[in-house]
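1. Any chance you can model this:
(one chain, ligands or ions: 2)
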Amino acid sequence: MSGKSLLLKVILLGDGGVGKSSLMNRYVTDCFDSQSFHTIGVEFLNRDLEVDGRLVTLQIWDTAGQERFKSLRTPFYRGADCCLLTFAVNDLQSFQNLGCWKKEFMYYSDVKNAERFPFVVLGNKVDMEQREVGQDEARAWCEENGCCPYFETSAKDDTNVTAAFEAAVREVLAAEDQIGHTLLSSTIDLHGNRKTSRTSCC
Ligand SMILES: Nc1nc2c(ncn2[C@@H]2O[C@H](COP(=O)(O)OP(=O)(O)OP(=O)(O)O)[C@@H](O)[C@H]2O)c(=O)[nH]1
Ligand SMILES: [Mg+2]
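-> Ligands and ions are numbered 1, 2, ... in the order given. Below is the predicted model of the structure:
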C-alpha cells in the first residue's frame, strides 16, 4: 500500500430532491436529516478511505439539482474524476432526466470521451414503499448508456451508500489502469514511427 493518498473528485448530479446531499452527508458524517434544505450552488466534503490497498482522499462535490441554480453548478464540473448520476426510485421524472444530466455534465466538463469516463448511477430512496422505477428498468438504462455500475441506495437507512462511493473510486482506478496500459502498449521507435503492439488488455 503506497503512503501517498490519491485525491479524487467525484460529483453528484441529479434532479432536486433525489437525495444527493443526503447521500454525501450519510457517507461522510453518517447523519441523515429528513428536513434537509435545497442546495444552492455546490458544496463539498472530503473523506479518506482505502480501496483495494490504495489510500484515497475522496472530494465529494454536491450540486444543486434545481434548474434555477444551473449557472451556479456547471463551472464546478471541470476536473471531476467520476460523475454519480442520481435519481430517486419513487420519482420517474428524475430517472427520465438522467440522460439530460449526463449531457449537461459532458457539455460543461473537460471530459472528451464519454465512453471512457467513469459514471455510476444511483437509484436513491429504496426504503420508500411506492416505487415508480423498477430495478430492471434502471439496470437496462445503465447497460444502454455505457454499461456503468448501478446501485440502489437509501441515505435514510444507509443502504449501499458506502458501496456506491467505493465503486466510484474503483471505476476511476480501473479507467486509469486502462489508460496506463494502452499508453504502455503503444511505443515509438527511435525513428519516431509509432508502433502499437496489439496486446489485448482485457
Ligand atoms: N425516504 C428517504 N428520503 C430521503 C432519502 N434521501 C434523501 N431523502 C429526503 O429527500 C429530501 C431531499 O433530499 P436532499 O438530500 O436535500 O436532495 P438533493 O438531491 O440534495 O436536492 P437539491 O439540493 O435540491 O438538489 C429530504 O427531505 C431528505 O430527507 C432516502 O434515501 N430515503
Ligand atoms: Mg442538495
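
2. Look up how far ligand 2 lies from residue 161.
-> Plainly put, residue 161 is 15 Å away from ligand 2 if you go by Cβ to the ion, to the nearest Å. No exception for glycine: its C-beta is placed from N, CA and C like everyone else's.

3. how far does the longest helix anywhere in the chain sit from the chain's center?
-> Of all segments of type helix in the chain, defined using DSSP state H, the longest is helix 161-185. Helix 161-185 sits 12 Å away from the centroid of its parent chain (Cα atoms, centre = their mean, to the nearest Å).

4. Do any residues in it lie close to ligand 1?
-> No. Helix 161-185 lies out of reach of ligand 1 by Cβ under 6 Å from any ligand atom, never closer than 8.7 Å.

5. mind starting the numbering at 18 from now?
-> With 18 as the first residue, the last one maps to helix 178-202.

6. Contacts for that helix, please.
-> 25, 27, 40, 43-44, 64, 66, 68-69, 71, 73, 75, 77, 98-99, 101, 133-137, 139, 165-166, 168, 170-172, 213-216, 218-219 (Cβ atoms under 8 Å, 6 or more residues apart in numbering).

7. Residues of the protein that sit close to ligand 1?
-> So the chain meets ligand 1 at 31, 33-39, 50-51, 53, 55-56, 81-83, 141-142, 144-145, 171-173 (Cβ under 6 Å from any ligand atom).

8. Tell me, how many residues neighbour residue 57?
-> 12 (other Cβ atoms under 10 Å).

9. For it, give me its contacts.
-> So residue 57 contacts 81, 86, 89 (Cβ under 8 Å, 6+ apart).

10. still on that earlier bit, which members of the contacts of helix 178-202 are positioned in strands?
-> Using DSSP state E, the subset of the contacts of helix 178-202 located in strands is 25, 27, 64, 66, 68, 71, 73, 75, 77, 99, 101, 136-137, 139, 168, 213.

11. which among these end up buried?
-> Buried by 16 or more other Cβ atoms under 10 Å: 25, 27, 66, 68, 71, 73, 75, 77, 99, 101, 136-137, 139, 168, out of these.

12. Now the two most distant members of those residues.
-> Greatest spatial distance among those (Cβ to Cβ): 71 and 139, at 22.1 Å.

13. Among the residues of the chain next to ligand 1, which ones are in strands?
-> Checking the residues of the chain next to ligand 1 against DSSP E, those in strands are residue 141.

14. could you flag which of the residues of the chain next to ligand 1 are buried?
-> So, by 16+ other Cβ under 10 Å, the buried ones in the residues of the chain next to ligand 1 are 31, 34-39, 56, 81-82, 141-142, 171-173.

15. Show me the subset of these that also lies near ligand 2.
-> 38, 56 (Cβ under 5 Å from the ion).

16. which of the buried ones among the residues of the chain next to ligand 1 sit farthest apart?
-> Between any two of these, the greatest separation by Cβ to Cβ is 21.6 Å, found for 81 and 171.

17. Could you list the low-pLDDT ranges of the chain?
-> Scanning the chain with the threshold set as pLDDT under 70 gives 18-20, 196-219.
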